[in-house]
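In: predicted model, plus sequence, below.
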Amino acid sequence: MLNISQSSISKFVNQKSFSTLDALENKRSGKVLTRLIYGTLLLFCVIVFVPWTQNIRSNGSVTTLKPNQRPQSLNSVIGGQIEAWYVQEGDQVKKGDTLLKIKEIKDSYFDPNLLARTEDQVEFKRESIDMYSDKIKTQEEQLIILKTQRDLYLTQSKIKIEQTVLKVQNDSIAYEAARVNYKTALYQYNRQDSLYRQGLKSLTDLEGKNLKLQETKAYEVEAKNKWLNSQNELLSLKIELTNIDVKYQSDFNKIQSDRFSTLSDKLDTETNLSKLENQYSNYSYRNGLYFILAPQDGFITKTTSAGLGEIIKEGEEILTFMPANYDLAVEMYIDPIDLPLVNKGEKVRIQFDGWPAIVFSGWPNASQGTYGGRVYAIDQYISANGKYRILVSPDPDDHPWPKELRFGSGTSNMVLLKDVPIWYELWRNINGFPPDFYKNSEPKKEKAK
């Protein structure tokens, strides 16, 4: 009964005869509800003090750390026409396997004997260089011979000049002796003439002295003429000495000029030879570019050029190639506000698409189906999506990642941070505060004894 009125009638009514009224009076729902509320409050008070691992959630994808292990495009270095395909999409190939063959489309390379003809030109140029070398050697020998001849002629001329100098000296002495004889003969003639005038000498004696005087005069003139001739001969020899040096120097300069011209021609020929050798190497290397080879073991994923006879340009993509062997990693992006919280070596829990998992973000140890990783690198610049990229490598202390993973698979990642009580995490989220910033403590190095 509700017992609202002050006048109770319960003593006049037998409640046990009414089952509904008896059940309503004996119900204990209020006590149960009270116990349930108190129990819930007690459980909540216990839970808010349970440790909670702060984390940063982010989606990512499977990638590799090494650039040579990522999907790559194979391009044609030269332009050409597709002649034959040796693979198809999905094929697995080994390093060095031939993928396709192209043929030449430029008229400069149509000659089938182009490589042989270029090699012949190279040999001809080499022979020309050898001939120029022989010619230069011959000219150098001519210079040596010419120099020797010049030295001999100069030595000969100098000896003649010395001889002529001695002859000039001898003629000068002879001329001086002739002058003395003439003066003596003149003195004797004058004295004889004086004696003749005094009648002391005969006319015959005077005429004899006169004849002697004329003879000494003639001898003086002859001696002077010889002396002057020897002087003239000395001058001629000196001029001849100068002419010899000039003549041989002119011949020497001419041969030297020819030598320089030959040397210049040789250098030009060597330049042309270098160009031809370079051209020959380019032709030889170009012949090897007609076959597109696999750069490493891998799979043909997609061909962008198709058919036979299709023209491809230089540098044009032909197909995409996925290496067979690669080291897995995870690429993820975080907001700039979370960047100071992440350090290299930080632990990360990863859930791969296609692998079922039960994830408890606050209790990573209780999660099932996730895999461990560690932060390997953090980009130093922001990406186009306004976030920073982080590369995660497998954790060597955790169980290995699935071998069936493929490049580009999606992931859901949790960067594990600090352990805090649940009440603190709730309070932080309600106020919009970021996770706590902290640094991993490095183990102290033991001092060397």
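Out: Structure received.

In: for the chain, what's the longest helix?
Out: helix 203-288 (DSSP state H).

In: same for that helix, what does it pack against?
Out: If you count contacts as 3 or more CB pairs under 8 Å, 6 or more residues apart in numbering; DSSP states H and E, helix 203-288 packs onto helix 114-197. C-beta coordinates here come from the backbone N, C-alpha and C atoms, glycine included.

In: show me what the helix it packs on is packed against.
Out: helix 203-288.

In: report the distance from the helix it packs on to the chain centre.
Out: 57 Å (CA atoms, centre = their mean, to the nearest Å).

In: for Thr204, give me its contacts.
Out: Applying CB atoms under 8 Å, 6 or more residues apart in numbering to Thr204 gives no contacts.

In: next one: it from Arg191, what distance?
Out: Plainly put, Thr204 is 16 Å away from Arg191 if you go by CB to CB, to the nearest Å.

In: following the longest helix of the chain, which helix or strand comes up?
Out: strand 291-293 (DSSP states H and E).

In: what pairs with that next one, and is each one parallel or antiparallel?
Out: With DSSP bridges as the test, strand 291-293 is paired with strand 98-103 (antiparallel).

In: now the strand it pairs with, how far from the chain's geometric center?
Out: Worked out by CA atoms, centre = their mean, strand 98-103 lies 30 Å from the chain centre.

In: then stretch 155-172?
Out: 73 Å.

In: for Leu115, which residues are in contact?
Out: Neighbouring residues of Leu115 by CB under 8 Å, 6+ apart: 280, 283-284, 287.

In: try it again at 7 Å.
Out: 283-284, 287 (CB atoms under 7 Å, 6 or more residues apart in numbering).

In: could you list the low-pLDDT ranges of this structure?
Out: Applying pLDDT under 70 to the chain flags the ranges 1-33, 46-55, 356-369, 416-429, 431-449.

In: how is it divided into domains?
Out: 1-47, 51-68+326-431, 71-104+290-323, 114-288 (automatic domain parsing).

In: around the nearest residue to Arg70 once chain neighbours are set aside, count how many other residues there are.
Out: Using CB to CB, 6 or more residues apart in numbering and skipping the chain neighbours, the partner closest in space to Arg70 is Thr64 (5.5 Å). Residues lying near Thr64 (other CB atoms under 10 Å) number 19.

In: quick one, strands of the stretch 1-150 of the chain?
Out: 51-64, 72-75, 80-85, 92-93, 98-103 (DSSP state E, counting those that start in this stretch).

In: dump these into TSV; add distance to Asp130 as well.
Out: Formatted as TSV, those follow (distance: least, CB to CB, whole Å):
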stretch	distance to Asp130
strand 51-64	56
strand 72-75	43
strand 80-85	38
strand 92-93	48
strand 98-103	38
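
In: right, so of the ones you listed, which gets closest to Asp335?
Out: For the strands of the stretch 1-150 of the chain, distance to Asp335 was read as CB to CB. The smallest value, 8.3 Å, belongs to strand 51-64.

In: gap between the closest residue to Leu186 other than its chain neighbours and Lys224?
Out: The shortest distance from Leu186 to any non-neighbouring residue, by CB to CB, 6+ apart, is to Leu213 (5.8 Å). Counting by CB to CB, the gap from Leu213 to Lys224 is 16 Å.

In: when the two are compared, which one has more neighbours?
Out: Leu213 (20 against 17).

In: residue contacts, that one?
Out: By CB under 7 Å, 6+ apart, the neighbours of Leu213 are 185-186, 189.

In: same thing but at 10 Å, please
Out: 181-182, 184-190, 192 (CB atoms under 10 Å, 6 or more residues apart in numbering).

In: now do it against Lys183, distance only.
Out: Counting by CB to CB - Leu213 and Lys183 are separated by 10 Å.

In: residues near the residue lying closest to Lys94 once chain neighbours are set aside, how many?
Out: Nearest residue to Lys94, sequence neighbours excluded (CB to CB, 6+ apart): Asp297, at 5.5 Å. When counting by other CB under 10 Å, one arrives at 14 neighbours for Asp297.

In: from Tyr326, how far off is Asp297?
Out: To Tyr326, Asp297 is 10 Å away according to CB to CB.

In: shared neighbours of the two, anything?
Out: Joint contacts of Asp297 and Tyr326 (CB under 10 Å, 6+ apart) do not exist.

In: which of the strands of the stretch 1-150 of the chain sits closest to Gly309?
Out: Of those, nearest to Gly309 by CB to CB is strand 80-85, at 6.0 Å.

In: now for the closest one, which elements pack on it?
Out: On a contact count with 3 or more CB pairs under 10 Å, 6 or more residues apart in numbering; DSSP states H and E, strand 80-85 meets strand 98-103, strand 291-293, strand 311-312.

In: describe which strands that strand pairs with in its sheet and in which direction.
Out: In the sheet, strand 80-85 lines up with strand 98-103 (antiparallel), strand 311-312 (antiparallel) (DSSP bridges).

In: now for these, which one comes closest to Thr320?
Out: strand 98-103 (11.7 Å).

In: now that closest one: buried residues?
Out: In terms of neighbour count (16 or more other CB atoms under 10 Å), strand 98-103 has its buried residues at 99-100, 102.
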